[in-house]
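Visitor: Here is a sequence with its predicted model. Questions after.
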Amino acid sequence: RHLVTWQREEILLGSRGCLEGEMAFANLYWGCVQQQLDAAEIEEDDHSLSVPVSQSSPVYNACKMSLLSMLTSVFESKVLYASPSSRVLAKTPRDFYMPNYEDVEIVTRDKKVVHGWLIKRKDAKLFPTVLHLHGNACNISHMLYDALGMFQKVKVNILLIDYRGYGLSEGSPTQAGLIMDVEASLDYLLHRRDVCAPDKIFLFGRSLGGAVALEVAQRREGRIRGVVVENTFTSMDELVKHLSPAFARQISRNLSNKWETKQVVSKITRPILFLSGRADEIVPPSMMTDLYKEAVNSQGRELAAFPKGRHNTTCLSRGYYETIKRFVDR
């Protein structure tokens, strides 16, 4: 009983840490926005050199565009991608009673080194393997509670990887870079014939990880058996519109990381399982429904809804791992 209680506490701490990371950096972003707006205020009695108030002034427009570019940069570097804690590995699989694992280093096409943990079952080749892709403000040590659930209940091998710029992986995160990281990780699994059956590899992605999983599935679906995505957005433009309606048009215009997930999912023919927390406070649950509806070419799509599931705690819902197991085993 004490072990069960400890594991539940670890699960709650892990999911809470991930959520607090995302919310903290959302707050940081809007703090930066407010600072810039405050700095741009012009006191009526100040006759010194200042930003012109005339909206037709070239200087005003240049300052406005510079401010919006800065806000977009803050959004991409501080909200869309890593938080400072994403570089710190708090636990290892051994701390979660999964001692049979390997530290792996995977070299990407552009010569970056990506770090991960390959967690293996006894007689590993007899079981499916999941390539697990985390969200934007986490690293693989925050995902160990989820890995434990998959290991015990879904009965799979698991490769947890950190994208470039996260955990012990080199580089800085970009859309193209994350896709290369996951493609290299998939190639790594395909070459590990001692662990993985090539026809039993699944991609799993949560939040941002779901967008990466679908991108790679569309490019390499001949190498995977299926995809599982959880609480993933339809596109970065639409997510920005939801999170920041006042600045959405300006930020979207300057975004270099578009993640057009809704367009990508319609091209995938492999089976896709959509896991939707209907109490998601970050990504609107309707986006998961839209992705499911767009996946018209998927041969065996499923949408599983969890009424009380929040953005990072849907995995605590009743029947969550059983749903994944049914999908993987079918």
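Guide: Thanks, I have it. From a predicted model like this one, the values you see are computed outputs, not experimental measurements.

Visitor: Helix, strand, or coil at residue 85?
Guide: helix (DSSP: H, G, I helix; E, B strand; the rest coil).

Visitor: what about it, distance to residue 210?
Guide: 21 Å (C-beta to C-beta, to the nearest Å). All C-beta atoms are positioned from the backbone trio N, CA, C, and that covers glycine.

Visitor: Which one's more surrounded, the two?
Guide: residue 210 (30 against 17; other C-beta atoms under 10 Å).

Visitor: give the contact list for that one.
Guide: 133, 229, 230, 231, 232, 261 (C-beta atoms under 8 Å, 6 or more residues apart in numbering).

Visitor: if we go to 10 Å?
Guide: Residue 210 makes contact with 133, 135, 203-204, 227-233, 259, 261, 265, 272, 274-275, 283, 288, 291 under the criterion C-beta atoms under 10 Å, 6 or more residues apart in numbering.

Visitor: Narrow the residues you listed to those in helices?
Guide: Judged by DSSP state H, the contacts of residue 210 include 261, 265, 288, 291 as members of helices.

Visitor: Kindly indicate the member of those residues with the most neighbours.
Guide: residue 265 (30 neighbours).

Visitor: which ones are touching that residue?
Guide: 210-211, 214-215, 217-218, 227, 229, 232, 234, 272, 274, 290-298, 301.

Visitor: ok, now residue 156?
Guide: 119, 121, 124, 127-130, 132, 147, 150, 200-202, 204, 324-325, 328-329.

Visitor: ditto for residue 236
Guide: Contacts of residue 236 (C-beta under 10 Å, 6+ apart): 75-76, 80, 175, 208, 211, 251-252, 255-261.

Visitor: The closest residue to it other than its chain neighbours - how many residues pack around it?
Guide: Leaving aside its sequence neighbours, residue 236 sits nearest to residue 259 (C-beta to C-beta, 6 or more residues apart in numbering; 4.5 Å). Residue neighbour count, defined by other C-beta under 10 Å, stands at 25 for residue 259.

Visitor: Number the residues from 316 up from this point.
Guide: Shifting the count to begin at 316 puts that one at residue 574.

Visitor: got the phi/psi numbers for residue 574?
Guide: phi 50, psi 70 (degrees, to the nearest 10).

Visitor: can you check residue 472 too?
Guide: phi -80, psi 150.

Visitor: Residue 596 versus that one, what's the distance?
Guide: From residue 472 to residue 596 the distance is 32 Å (C-beta to C-beta).

Visitor: which of the two has more neighbours?
Guide: Neighbours per residue (other C-beta under 10 Å) separate residue 472 from residue 596, with residue 472 holding more: 27 against 12.

Visitor: got a pLDDT number for the more buried one?
Guide: What the model reports as pLDDT for residue 472 is 98.

Visitor: before we move on, what about residue 365?
Guide: 48.

Visitor: quick one: which of the contacts of residue 551 is nearest to residue 556?
Guide: residue 567 (7.4 Å; C-beta to C-beta).

Visitor: how close does that closest one sit to residue 555?
Guide: 6 Å.

Visitor: Between those two, which is the more surrounded one?
Guide: residue 555 (22 against 18).

Visitor: List phi and psi for the more buried one.
Guide: Dihedral angles (degrees, to the nearest 10) for residue 555: phi -60, psi -40.

Visitor: isn't it right up against residue 549?
Guide: No. Using C-beta atoms under 10 Å, residue 555 is not in contact with residue 549, being 11.4 Å away.

Visitor: measure stretch 420-432 end to end?
Guide: 9 Å (C-alpha to C-alpha, to the nearest Å).

Visitor: what are the ranges of the helices in the stretch 516-645 of the chain?
Guide: Applying DSSP state H, counting those that start in this stretch to the stretch 516-645 of the chain gives helices spanning 523-535, 551-558, 563-569, 576-580, 600-609, 635-644.

Visitor: Determine which of these approaches residue 455 most closely.
Guide: Using C-beta to C-beta, the nearest of those to residue 455 is helix 523-535, at 11.1 Å.

Visitor: same question for the closest one, mean pLDDT?
Guide: 98.

Visitor: and the contacts of residue 580, which are buried?
Guide: For the contacts of residue 580, a burial check counting by 16 or more other C-beta atoms under 10 Å picks out 525-526, 529-530, 532-533, 542, 544, 547, 549, 587, 589, 605-607, 609-610, 613, 616.

Visitor: Pipe the helices of the stretch 516-645 of the chain into TSV and attach distance to residue 410 per row.
Guide: Conversion of the helices of the stretch 516-645 of the chain to TSV gives the following (distance: least, C-beta to C-beta, whole Å):
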stretch	distance to residue 410
helix 523-535	22
helix 551-558	33
helix 563-569	39
helix 576-580	33
helix 600-609	32
helix 635-644	20
